[in-house]
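Visitor: Give me a model of this one.
(one chain, ligands or ions: 1)
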Amino acid sequence: MQPQPTRRSLLDVILGVGLLGFFTSIVFPVLRYLKPMAPQDGAGVLRLSKEDQARLEKEHTLIVRHGAKRLLVFEDPQQRLCALEARCTHEGCTVQYVPGDALIWCACHNGRFDLEGRVLSGPPPRPLARWLAQREPDGAITVSPPAQQERV
Ligand code: FES
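Guide: Prediction:
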């Protein structure tokens, strides 16, 4: 015969769950603070998530965050993967790919770049940094920073 749960045992369970939640809410932030952070500088190779890949295939252009950087990944008219830093070299607005005109455009001050990132017109003083976007044998898309392109 099983013992009947008493009011006291029910209160013990409720108190135990409350204390567990209380200590978890203290311990978890402390552990998260102590755990070393992953590199956030956007210096390494970026592997696109499945959702980003699906969006790229559907819209042929995508802006992804990589650490502190924004990258513009797109398929050019020959359907080659390209990647450029999406931060305009003028005042830092986010550029966008205009497939119809085959150019990169900054809406802030009408800066225009070619698909290699070179300035065509407008106020941007420098080209956009080129990254290497490629399809891996497993189907994933990776984007490598300029300095790592030789190693890939
Ligand atoms: S910020 Fe891009 S053209 Fe000025």
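Visitor: quick one: stretch 81-98 near the ligand?
Guide: Yes: judged by Cβ under 6 Å from any ligand atom, stretch 81-98 comes into contact with the ligand through C88, H90, E91, C93. C-beta here means a position set from N, CA and C on the backbone, and glycine is covered the same way.
Visitor: Go ahead and confirm the last one touches N110.
Guide: Right, C93. No: if you go by Cβ atoms under 8 Å, C93 and N110 don't touch, sitting 10.7 Å apart.
Visitor: Counting neighbours, go ahead and name the busier of the two.
Guide: Between C93 and N110, C93 has the larger neighbour count (other Cβ atoms under 10 Å), namely 15 against 10.
Visitor: tell me the pLDDT at the residue lying closest to the more buried one once chain neighbours are set aside?
Guide: Closest residue to C93 apart from its sequence neighbours, by Cβ to Cβ, 6 or more residues apart in numbering: C108 at 3.8 Å. Reading off the confidence values, C108 has pLDDT 96.
Visitor: Could you number the chain from 25 rather than 1 from now on?
Guide: Yes, from this point I'll number from 25; that puts the last item at C132.
Visitor: need the contact list for C132.
Guide: The contact partners of C132, by Cβ atoms under 8 Å, 6 or more residues apart in numbering, come to C112, H114, E115, C117.
Visitor: Wait, a strand at the second one?
Guide: Spelled out, that is H114. No: assessed with DSSP: H, G, I helix; E, B strand; the rest coil, H114 is coil; it does not lie in a strand.
Visitor: Quick one: mean pLDDT for the longest helix seen in the chain?
Guide: The residue-count maximum for a helix in the chain (DSSP state H) belongs to helix 31-58. Mean pLDDT, computed over helix 31-58, is 91.
Visitor: mind checking how far the helix or strand following it is from the chain centre?
Guide: Sequence-wise, the next helix or strand downstream of helix 31-58 (DSSP states H and E) is strand 70-71. Centre-to-centre, strand 70-71 and its host chain are 8 Å apart (Cα atoms, centre = their mean, to the nearest Å).
Visitor: what does the protein have sitting close to the ligand?
Guide: C112, H114, E115, C117, C130, C132, H133, G135, G146, P147, P148.
Visitor: need those in TSV with secondary structure, can you?
Guide: TSV is the format used below for the residues of the chain next to the ligand (three-state DSSP):
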residue	secondary structure
C112	coil
H114	coil
E115	coil
C117	coil
C130	strand
C132	coil
H133	coil
G135	strand
G146	coil
P147	coil
P148	coil
